[in-house]
Each structure stands twice: as C-alpha cells, then as structure tokens.
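Enquirer: Structural data only, the sequence is not supplied:
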C-alpha cells in the first residue's frame, strides 16, 4: 500500500512536493492552501496547477542527458 501511495503522490501531487522542498514548507500546507484558494476563487488555481505540472515535466525532460543525437 505504501508503494501505491508513493506512486500516486509522485504522479499527481509532484508539483506540491517539489514546491514544498524548494521553499521549505510542508507539502500538506501547500496542498491545503491550493484547495482553499480553489474554493475561494472558484477553481482558477487549477489552471495554474496544470501549467506548473506541464512546466515541471518539461524541465524534467530537459535534464535528461542524451549521449548521442540518435538517443531520441
């Protein structure tokens, strides 16, 4: 069960975890802040969340080193 929760957290809540590690806040407080902001602003932070996840995945792809041109 622990492996399943780790997988779900890394795939769906990876942005909150990354922000928590970068800024030094707990992941739980960032998630709660996101949920509260979504309720008060009628869901507009969801767009920012998806943009952040997209940007995080792009940066992860850029960090992968390729040894040759043929490793696409």
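Expert: That came through fine. Keep in mind that this is a model prediction, so the values were computed, not measured. Numbering: from 1, shown residues only.

Enquirer: Where does the spatially most central residue of the chain fall, secondary structure wise?
Expert: Computing the C-alpha centroid of the chain and ranking residues by CA atoms, centre = their mean puts residue 15 first, at 1.5 Å. Per DSSP states H and E, residue 15 falls inside helix 14-23.

Enquirer: For that helix, which outside residues touch it?
Expert: The contact list for helix 14-23 (CB atoms under 8 Å, 6 or more residues apart in numbering) reads 9-10, 25-27, 29-31, 34, 49, 52-53, 56. Every C-beta, even on glycine, is put in place using the N, C-alpha and C of the backbone.

Enquirer: Only whichever of the residues you listed are buried, select them in PyMOL.
Expert: Selecting the buried subset of those in PyMOL, with 16 or more other CB atoms under 10 Å as the burial test, is done by:
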select buried, resi 30+31+34+52+53
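
Enquirer: pLDDT weak spots in this structure?
Expert: 8-13, 65-72 (pLDDT under 70).

Enquirer: What segments of it are strands?
Expert: Secondary structure of the chain (DSSP state E): no strands present.

Enquirer: just the helices in it please.
Expert: 2-12, 14-23, 27-40, 45-63 (DSSP state H).

Enquirer: tell me the most buried of the ones you listed?
Expert: Most buried of the helices of the chain, by mean neighbour count (mean count of other CB atoms under 10 Å): helix 14-23, with a mean of 15.

Enquirer: how far off helix 45-63 does that helix point, in degrees?
Expert: Interaxial angle, helix 14-23 versus helix 45-63 (axes from the mean of the first three to the mean of the last three CA atoms, to 10 degrees): 70 degrees.

Enquirer: check contacts around residue 49.
Expert: 15, 34.

Enquirer: Look up how far residue 52 lies from the closest residue to residue 34 other than its chain neighbours.
Expert: Leaving aside its chain neighbours, residue 34 sits nearest to residue 45 (5.9 Å; criterion: CB to CB, 6 or more residues apart in numbering). From residue 45 across to residue 52, the span is 10 Å (CB to CB, to the nearest Å).
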